[in-house]
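Chemist: kindly generate the corresponding structure for this input.
(one chain, ligands or ions: 2)
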Amino acid sequence: MANINDKNLKLAVQKQGRLTDETLEFLRKSGLEFESYKQRLLASCRNFPLEIIYVRDDDIPDYVASGTVDLGILGQNILNEESPKIKKLLNLRYGFCSLTVAVPKESEIKDIKELKGKTIATSYPESTKRFFKENNIPVEVVNISGSVEIAPALGVAQAIVDLTSTGSTLVLNDLRALTKVYDSEAVLITNEKTLKNHKKDLLEKLIMRFKGVLSAKDYKYVMMNAPEKVLPKIKKIIPGLKSPTVSSLATKGWFSIQTVIKEDMFWETIEKLKNVGASGIIVLPIEKMII
Ligand code: PRT
Ligand code: ZN
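Modeler: Ligands and ions are numbered 1, 2, ... in the order given. Take a look at the predicted model:
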């Protein structure tokens with residue numbers, strides 16, 4: 001194993017699993033250069049004082065809480081289950097899933113209240129117990145480490161609580177979602193020690209890079225042309241970060257406008273712009289955005 005430089009930040013990521021590809025993509029988009037071939041357990045970034053440590057996701061909370069590593073990327077679901085002593089820094093906007101209560105398709109159960117006194121199989125016993133307690137529904141919770149979906153068919157439980165993303169695993173196992181316990185996504189975590197020690201400045205630099213990638217995801221860069229008389233209307237429609245950039249075109253009385261538009265308002269805004277007379281609208285993805 002290569003030597004770990006103690007001055008560098010250490011980040012634990014999932015070695016092989018559902019979060020791995022998107023985590024590595026996110027780090028690369030943040031401008032970090034490093035190796036990530038399968039057998040690798042450790043990689044030093046070439047262009048940032050950061051060591052990446054590849055581990056099982058279940059080990060990440062302990063590694064971070066104990067200060068073995070400074071940072072970790074894992075699913076919020078694991079934090080909800082284990083409540084380790086860590087600090088959450090950022091939601092990373094990938095790895096989306098929900099912890100879901102499901103029952104057999106033909107079951108007559110329509111409401112979680114009807115699960116009173118029933119047995120529920122899950123790999124998330126703490127989250128499950130908490131959820132049913134909060135809802136004042138006494139249930140029996142059995143902890144199963146994998147293939148939770150087959151528990152009802154085996155007669156082990158009348159319902160399950162498991163992670164879902166597309167919902168196709170539920171359908172495949174003749175199950176039907178009843179309600180959601182919580183939503184989850186990948187998150188960046190750290191510990192109190194790193195927030196205070198000599199690595200604090202490095203951490204801030206890294207977070208600024210991460211935030212740049214995350215903000216860019218939420219915005220699109222938009223260019224359009226418009227005659228002078230509609231410029232005031234356009235400026236009103238564009239809720240851009242600051243004012244848009246306006247420059248005159250070769251055709252007299254026409255202008256080119258450049259701005260950024262938030263993804264969630266995108267189509268609404270584009271339609272309004274067209275309606276007031278903007279034309280030649282071009283939309284580009286933004287790679288990074290430092291606000
Ligand atoms: O080996 P290691 O311990 O590191 O990995 P793991 O097997 O414990 O975890 P892994 O790779 O399965 O998941 C890692 C993280 O991905 C989870 O902790 C979640 O934060 C996130 N994630 C996102 C998911 C899903 N989506 C997901 N759909 N984790 C698991 N699933 C499973 C779910 O358990 C069920 O079996 O996928 C199935 C349902 O998927 P759909 O799409 O059919 O609904
Ligand atoms: Zn795991």
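Chemist: could you say which helix or strand contains V101?
Modeler: When elements are assigned from DSSP states H and E, V101 belongs to strand 97-104.
Chemist: what sits up against that strand?
Modeler: For strand 97-104, the surrounding residues in contact (CB atoms under 8 Å, 6 or more residues apart in numbering) are 75, 77, 80, 109, 112, 115, 120, 124, 127, 131, 152-153, 158-165, 170, 174-185. In short, each C-beta sits where N, CA and C put it, glycine included.
Chemist: contacts only, for the residue in the stretch 151-291 of the chain that ligand 2 sits nearest to.
Modeler: Nearest residue of the stretch 151-291 of the chain to ligand 2, counting by CB to the ion: L163, 11.0 Å away. Going by CB under 8 Å, 6+ apart, L163 touches 77, 97-100, 124, 184.
Chemist: can you flag the buried ones in those residues?
Modeler: Neighbour-count burial (16 or more other CB atoms under 10 Å) applied to the contacts of L163 gives 77, 97-100, 124, 184.
Chemist: near ligand 1, from those?
Modeler: Subset of the buried ones among the contacts of L163 in contact with ligand 1: 77, 97, 184, counting by CB under 6 Å from any ligand atom.
Chemist: what about the longest helix in the chain?
Modeler: Counting residues, the longest helix in the chain under DSSP state H turns out to be helix 200-218.
Chemist: by contact count, what packs against that one?
Modeler: strand 9-14, helix 20-29, strand 87-91, strand 186-190, helix 192-196 (3 or more CB pairs under 8 Å, 6 or more residues apart in numbering; DSSP states H and E).
Chemist: buried stuff in it?
Modeler: Buried, per 16+ other CB under 10 Å, within helix 200-218: 202-203, 206-207, 209-217.
Chemist: just for the stretch 101-250 of the chain, where's the confidence low?
Modeler: For the stretch 101-250 of the chain, the stretches flagged by pLDDT under 70 are 239-242.
Chemist: who in it is up against ligand 1?
Modeler: Close to ligand 1, as judged by CB under 6 Å from any ligand atom, the stretch 101-250 of the chain has residues 162-169, 184.
Chemist: recalculate using a threshold of 5 Å.
Modeler: Contact residues (CB under 5 Å from any ligand atom) of the stretch 101-250 of the chain with ligand 1: 163-169.
Chemist: could you pick out which of the residues you listed are located in strands?
Modeler: Among these, the members found in strands (DSSP state E) are 163-164.
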